[in-house]
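Q: when you get a sec, could you give me coordinates for this:
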Amino acid sequence: MKRMLGISVLLMLSAPALAETAAERAKQIVGERCYLCHGMQGESSSAIYPRLAGQHAEYIAKQLSDFKAGRRKGTMNEMAADLTEAEMAALGKYFASMPPQAHRVRDKDFAAVGYYLFHKGNAYSGVAACKNCHGETGMGTKQLPRLAGQHKRYLVSQLQDFNKRARTNDNAVMHSIASKLTQFEIEALANYISGMN
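A: Sure thing, here's the model as predicted:
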């Protein structure tokens, strides 16, 4: 009888109700710990923190899992330490549902260099075009991050970390690219990508 009652309760919790509960839990977690750096809407309070609004849910969940497991190092290790898989997935969906914003590009000539690198790469130094993996419009995939509209300073720091292998996850391909970029190219790419919408 108890088992039947348990099954009945589970059936009463329909998929929409479970999704609503997960969304509420995600909002609670964001309000308790994420908002200080990433904001309630995923628009970071500082350019050193990534914008999460519009980022792929699966990508966010993977990064949180990597922080929790220590595969990626940083201040997020402590924040992710006690998150469950369900909470990581819910946080990913929460931030993915937020509308992303783009920065205004001030130096259009400099951004044009970034445009060229993003779309064509640099055949002289062996740098592949960013669009080959992250897409023509920088939207990424479930496995690869959306870059469009990301903070310039954050993009620069991540490319530098990939180059130095200080970024301890997802490093294999990105190190081979970032290690060939000059500082001028890194800054130009960040300038262009931050203005993509």
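Q: can you classify the closest residue in space to Arg33 that isn't next to it in sequence by secondary structure?
A: Excluding its sequence neighbours, the residue lying closest to Arg33 (C-beta to C-beta, 6 or more residues apart in numbering) is Met79, at 5.7 Å. C-betas here are computed from N, CA, C, even on glycine. For Met79, the secondary-structure state derived from DSSP: H, G, I helix; E, B strand; the rest coil is helix.
Q: can you map out the helices along the chain?
A: All helices of the chain, identified by DSSP state H, fall at 2-12, 15-29, 35-38, 57-69, 76-80, 85-96, 108-120, 131-134, 152-164, 171-178, 183-194.
Q: reformat those helices as CSV; add mean neighbour count, mean pLDDT and distance to Gln143.
A: As requested, those are arranged in CSV below (neighbours: other C-beta atoms under 10 Å; pLDDT from 0 to 100; distance: least, C-beta to C-beta, whole Å):
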stretch, mean neighbour count, mean pLDDT, distance to Gln143
helix 2-12, 9, 47, 32
helix 15-29, 13, 83, 21
helix 35-38, 16, 96, 21
helix 57-69, 19, 98, 7
helix 76-80, 16, 96, 19
helix 85-96, 20, 98, 13
helix 108-120, 17, 98, 19
helix 131-134, 16, 98, 9
helix 152-164, 18, 97, 16
helix 171-178, 16, 93, 11
helix 183-194, 21, 98, 18
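Q: now render these as TSV, adding distance to Tyr49.
A: Supplementary listing: those in TSV, determined by distance: least, C-beta to C-beta, whole Å:
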stretch	distance to Tyr49
helix 2-12	38
helix 15-29	16
helix 35-38	4
helix 57-69	13
helix 76-80	10
helix 85-96	12
helix 108-120	21
helix 131-134	20
helix 152-164	7
helix 171-178	19
helix 183-194	14
